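In: when you get a sec, could you give me coordinates for this:
(2 chains)
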2 protein chains.
Amino acid sequence: MFLFLRLEITFMVSNSNNDRRILLAHGSGGRMTQELIEEVFGTAFANPFLDRMDDAASLDLTGRIAFTIDSHVVSPIFFPGGDIGRLSLTGTVNDLAMMGARPLYISAGFIIEEGLPFQDLQTIVSSMQQAAAEADVEVVAGDTKVVERGAADGIFITTSGVGSIPAGIQISASGARPGDAVIVSGTIGDHGAAIISRRGGMDFNVELTSDCAPLGGLVADMLAASSEIHALRDPTRGGVAATLNEIAAASGVDIEIGEDLIPFQGEVRAACELLGLDPLFLANEGKLVAFVAQADAARVLDAMRRHPLGADACIVGSVAAAERDHCRVFARTVLGSRRILSMPSGEQLPRIC
Amino acid sequence: MFLFLRLEITFMVSNSNNDRRILLAHGSGGRMTQELIEEVFGTAFANPFLDRMDDAASLDLTGRIAFTIDSHVVSPIFFPGGDIGRLSLTGTVNDLAMMGARPLYISAGFIIEEGLPFQDLQTIVSSMQQAAAEADVEVVAGDTKVVERGAADGIFITTSGVGSIPAGIQISASGARPGDAVIVSGTIGDHGAAIISRRGGMDFNVELTSDCAPLGGLVADMLAASSEIHALRDPTRGGVAATLNEIAAASGVDIEIGEDLIPFQGEVRAACELLGLDPLFLANEGKLVAFVAQADAARVLDAMRRHPLGADACIVGSVAAAERDHCRVFARTVLGSRRILSMPSGEQLPRIC
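Out: Presented below is the predicted three-dimensional model:
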């Protein structure tokens, strides 16, 4: 009888643990905030910087430093191939890598809606830590705010990052030059398609998976292969179309790509045809577009293909001097005609990242 | 007739400008995002780092770097003495200053609810820039996300910052030592009281004003006066009570303050008495608590009082060796008895910052 009672109590406790939810008091700055930090963040991210519990991390850095920030509001927060934790870590790591920097340290600000299951937060934080380990970075500072039910949607995560730009590296959105080859690191549109597949109860027979991955290692291999990488960008919101238009405008050049040269997964192409979407406008979270001097293109491509995140890399176009004052991006169709690939004007899919 | 028509049209256009609101497409990563960045952020924060429109800012830094992040969800977003823009800038500047660092560069991630008046965003961004000028820092990187109506409450701003820690400075929450004097830089509870006065339709006869201000300059003057400043913290969420408990725990010491030594504005004390709140638990956004070697306390106090943000600075207590394993904070009452000032356990006031 006694044993039976013990078991029942144990069951109740464990059940109540599964039902634990984030409360407003977890964002109070008081004891419950401390407990949340120790239990969730301290456990996942333990490192000497964070463990000091100071107002800021104290880092030893020298030389040129890349510094960036990205807010993440993706919906749903869990999706095939990742979650908002992994996304928020890789998003900022990739922004640093696109400067040619070695990503080093990350800080993260969490805005949590009251009522978020404790277990969800733990899963999210643990996949952030997993991504941080893959990217070889450390999460050294954080902040948590809790807002009342209905004042946010689940969880938003803003990550900021610093990285070290090696001497001699001059990579910028304004660096593309006429004659450069345009290289993409792999199949396009995977993240956008994965999010779409989980929205509004759509039922696809195939599983579309986000490409969400940290690109610092791939970029390091590319930089080792060539000193003539002029511009890099990860085509997130707005997709490859937005990235090419941004680089064209910043560098004052025209860009032409071949539609048939862009690598797509068959499932992504099928989903886009079904929904009437142009995959060039779909977000990517583990891909980059590189602008490389023609003479070095083959060597860079070779280095990329040897890296797991660049296995499907290919040259998709080239840069030309601007024909007019207004820089433009062209897509050459399979039939040989050219169409202007414009900057996306409206919102294809809110909360993609 | 023609003239009349012209005037009418002009009026309509100007009216529609006043009614402009943030749309989901402003967060698309496409043309409307670019326009928003150029019109609002580019105009306010114009500087060579931001103007390059790269994925990250490229900064020249050397030595020890402080790095921090803070999310801001204050409600209401406009309050007496500031708004979420000023708060988000000063919050992060102050975290850097509390490490003894010279605050240098800020990045900001905006999460905006669809429908926020364009004019509100412009006001917020412009008071961020005003605070940045006061603090002598530059906003060098940013990100904007827009979520659908009801998925956020107006606007949330996460700011991250980097600052340079001068050689020889070793300030940490774990640095307080027995014998240190405890100094506060001015009146306590002003920010918390200002927010409370604007919540739930409370009607106070007096205007309670937030103390929201950047403390980098004050800290620089203190550091110039003494090399024996052991710990600094800005008592934000959880107030002076939380800060003292955090420092006691991190440094392994006891702290005793005199209740009658703490400076309060009369209006704040009156509001607290009316509402049954302890002002030691109210948030501050332009104050600091310093732990300074007794021998240097008068000199540091003197330097603080010469700075506009430290005019009301005073010594409020001292640090002692921990009496037990568990470090404690005591408040000596006017009657001479001691009470334990504990860490706030619940949530006094959600969304204070």
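
In: select the longest strand from chain A.
Out: Longest strand of chain A, by residue count under DSSP state E: strand A:57-72.

In: what are the pairing partners of it, and which direction each?
Out: Strand A:57-72 pairs in its sheet with strand A:155-165 (antiparallel), strand B:57-72 (antiparallel), by DSSP bridges.

In: let me have these in a markdown table, extended by mean neighbour count and mean pLDDT.
Out: Using the backbone N, CA and C atoms, a C-beta is placed for each residue, glycine as well. Formatted as a markdown table, these follow (neighbours: other Cβ atoms under 10 Å in any protein chain shown; pLDDT from 0 to 100):
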| stretch | mean neighbour count | mean pLDDT |
| --- | --- | --- |
| strand A:155-165 | 28 | 97 |
| strand B:57-72 | 23 | 94 |
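
In: pipe these into TSV and attach distance to B:R324 per row.
Out: Listed next are the strands paired with strand A:57-72 as TSV, based on distance: least, Cβ to Cβ, whole Å:
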stretch	distance to B:R324
strand A:155-165	39
strand B:57-72	32
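
In: right, so of these, which gets closest to A:A250?
Out: strand B:57-72 (14.2 Å; Cβ to Cβ).

In: so after the closest one, what's the next helix or strand?
Out: Per DSSP states H and E, the first helix or strand lying C-terminal to strand B:57-72 is strand B:78-79.

In: OK, contacts around the residue of the stretch 101-250 of chain A found nearest chain B?
Out: Closest contact between the stretch 101-250 of chain A and chain B, by Cβ to the nearest Cβ, is at A:R237 (2.7 Å). Taking Cβ atoms under 8 Å, 6 or more residues apart in numbering or on different chains as the criterion, A:R237 is in contact with A:283, A:352-353, B:27-30, B:33.

In: between the residues you listed, which is nearest B:D211?
Out: B:G27 (32.9 Å).

In: ok, that closest one touching B:I112?
Out: Yes. Counting by Cβ atoms under 8 Å, B:I112 is a contact partner of B:G27 at 7.2 Å.

In: so which residues of chain A form strands?
Out: A:57-72, A:78-79, A:82-83, A:102-113, A:138-147, A:155-165, A:181-184, A:229-233, A:253-258, A:289-292, A:314-321, A:329-332, A:338-340.

In: what pairs with the fifth one, parallel or antiparallel?
Out: The reference is to strand A:138-147. strand A:102-113 (parallel).

In: mean confidence score for the strand it pairs with?
Out: The predicted model assigns strand A:102-113 a mean pLDDT of 98.

In: number of nearby residues for the nearest residue to A:E138 once chain neighbours are set aside?
Out: Leaving aside its sequence neighbours, A:E138 sits nearest to A:N47 (Cβ to Cβ, 6 or more residues apart in numbering or on different chains; 5.0 Å). A:N47 sits with 14 neighbouring residues when counted by other Cβ atoms under 10 Å in any protein chain shown.

In: of B:G27 and B:I112, who's got more company?
Out: B:G27 (29 against 26).

In: pick out the residue closest to the middle of chain A.
Out: A:G91 (2.8 Å; Cα atoms, centre = their mean).

In: measure that one to A:S210 for me?
Out: Plainly put, A:G91 is 12 Å away from A:S210 if you go by Cβ to Cβ, to the nearest Å.

In: shared neighbours of these two, anything?
Out: The contact sets of A:G91 and A:S210 overlap at A:E285 (Cβ under 8 Å, 6+ apart).

In: so what sits against both of B:G27 and B:I112?
Out: Listed as contacting both B:G27 and B:I112 by Cβ under 8 Å, 6+ apart are B:144-147.

In: those into a markdown table, with extra columns for pLDDT, neighbour count and distance to B:Q294?
Out: Rendered in a markdown table, the data for the shared contacts of B:G27 and B:I112 read as follows (pLDDT from 0 to 100; neighbours: other Cβ atoms under 10 Å in any protein chain shown; distance: Cβ to Cβ, whole Å):
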| residue | pLDDT | neighbour count | distance to B:Q294 |
| --- | --- | --- | --- |
| B:T144 | 95 | 20 | 49 |
| B:K145 | 95 | 26 | 49 |
| B:V146 | 96 | 27 | 53 |
| B:V147 | 96 | 22 | 52 |
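
In: ok so, going back, got the contact list for the residue nearest to the residue nearest to the centre of chain A when sequence neighbours are not counted?
Out: Distance criterion Cβ to Cβ, 6+ apart; nearest residue to A:G91, sequence neighbours excluded, is A:D70 at 4.7 Å. Residues near A:D70 by Cβ under 8 Å, 6+ apart: A:88, A:91-92, A:95, A:158-160, A:353, B:109, B:143.
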